[in-house]
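Novice: Predicted model and sequence below, questions to follow.
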Amino acid sequence: MSAQKLDGTAAAAAIKRELTERVAKLSERGTVPGLATVLVGEDPGSQWYVAGKHRDCAEVGIASIKRELPESVTQEELEAVLDELNADPACTGYIVQLPLPKHINTDRILERIDPDKDADGLHPTNLGRLVLNANTEITSPLPCTPRGVIELVERNGISWAGKRVVVVGRGVTVGRPIGPLLTRREYNATVVLTHTGTADLAAELRQADVIVAAAGVEGIVRAENVKPGAIVLDVGVSRRVDPETGKSRVVGDVDPGVAEVAGWISPNPGGVGPMTRALLLKNVVEMAERRSA
Ligand SMILES: Nc1nc2c(c(=O)[nH]1)N[C@@H](CN(C=O)c1ccc(C(=O)N[C@@H](CCC(=O)O)C(=O)O)cc1)CN2
């Protein structure tokens, strides 16, 4: 492997140390931030992610609240839980773990979250503010994975300014919001948003200084389509069952051969995933700081 590693586990640990100090300062002023999670059903992956969020909270001193609901929950029952969290003063912010079961209207659920308690930054008001407040300091929660990608690169001493960034994947949590963020004057990147319907994805990828691969398609970014020295962030999550062991494991969007060509690469696991978790905590701390100011 010739590429240098963008170590998300190390960067997330540094962020958590910084947040621990900020949470202690808030506590001295009588504010204990609280994050709630809403988990529907029993998907093992979602259970694992939610458990990780609670472990992270305990590590930095954020209180945590759990709401677990059966797969059969109705839209109305789920919305009632969100209404309770919207009204709960102990809950600074909360997330609804995605994906939700098919019978639930996810857009309506995201809209039901109080925008000031939207720890994921996915409420339409906050996604709108991301565009409208294009050149101001952070005054509303921003989506965690795009923030994680940006911080991971910057914490390795790399500037985004002038870079041609090709994003692969048009999902709501990464692909769509990362463009408006990276094109802010403070980052000054140029962003091309591609997806599985892009006419010539390989040609787009070959021109990229930075690739953010978030399509959820195993190996969609291959070595022959990566410019030598490019920065490659693997955000994709697909699950593959190993035929020999029968165990499921996470595979990314970036083919392992890319490490021979790229200048920097984020591993998967150990890259953007831990940053997503750390930036969720940062969103909660910033919400609590705004409220106690
Ligand atoms: N409400 C939300 N739902 C989902 C989000 C989200 O940001 N908000 N993103 C993903 C899941 N997710 C957080 O919720 C998440 C995914 C992965 C990781 C992570 O640390 N992954 C590890 C590897 C884990 C493994 O082996 O299974 C890593 O990359 O090192 C953290 C959070 C979808 N849902």
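Specialist: The structure has been received and is ready for your questions. Numbers count the residues shown, from 1 in each chain.

Novice: so what pLDDT did the residue of the stretch 101-250 of the chain found nearest the ligand get?
Specialist: Going by C-beta to the nearest ligand atom, the ligand is nearest to residue 250 of the stretch 101-250 of the chain, at 4.2 Å. C-beta: built from backbone N, CA, C; applies to glycine. Residue 250 carries a pLDDT value of 82.

Novice: and what of residue 135?
Specialist: Per-residue confidence (pLDDT) for residue 135: 67.

Novice: The ligand contacts on the stretch 101-250 of the chain?
Specialist: Listed as neighbours of the ligand in the stretch 101-250 of the chain under the rule C-beta under 6 Å from any ligand atom: 120, 144, 145, 173, 250.

Novice: Need the max-distance pair from the residues you listed.
Specialist: 120 and 250 (20.3 Å; C-beta to C-beta).

Novice: what helix or strand does whichever residue of the chain sits closest to the ligand sit in?
Specialist: The ligand sits closest to residue 273 of the chain, with a gap of 2.0 Å, by C-beta to the nearest ligand atom. For residue 273, the host element (DSSP states H and E) is helix 272-292.

Novice: elements contacting that helix?
Specialist: In terms of contacts (3 or more C-beta pairs under 8 Å, 6 or more residues apart in numbering; DSSP states H and E), helix 272-292 is packed against helix 8-28, strand 34-40, helix 44-60, strand 93-96, helix 144-154.

Novice: The longest one near the ligand at all?
Specialist: No: Helix 8-28 stays clear of the ligand (C-beta under 6 Å from any ligand atom), getting no nearer than 6.6 Å.

Novice: what about the closest residue to residue 228 other than its chain neighbours, neighbour count?
Specialist: Distances taken as C-beta to C-beta, 6 or more residues apart in numbering place residue 261 nearest to residue 228, at 5.5 Å, with adjacent residues excluded. Residues lying near residue 261 (other C-beta atoms under 10 Å) number 19.

Novice: do the same with residue 224
Specialist: 11.

Novice: Shouldn't it be within a helix?
Specialist: Yes: counting by DSSP: H, G, I helix; E, B strand; the rest coil, one finds residue 224 located in a helix.

Novice: got a pLDDT number for it?
Specialist: Here the pLDDT value assigned to residue 224 is 98.

Novice: again, but for the one 10 residues further on
Specialist: You'll see residue 234 listed with a pLDDT of 97.

Novice: so it makes contact with residue 267?
Specialist: Yes: Residue 234 is in contact with residue 267 according to C-beta atoms under 8 Å; the separation is 7.3 Å.

Novice: the more surrounded of the two?
Specialist: residue 234 (25 against 19).

Novice: Identify the bridge partners of that one.
Specialist: In this entry, residue 234 is beta-bridged to residue 213, by DSSP bridges.

Novice: OK, contacts around it?
Specialist: Residues near residue 234 by C-beta atoms under 8 Å, 6 or more residues apart in numbering: 213, 221, 252, 253, 254, 265, 266, 267, 268, 271, 272.

Novice: All set now, cheers.
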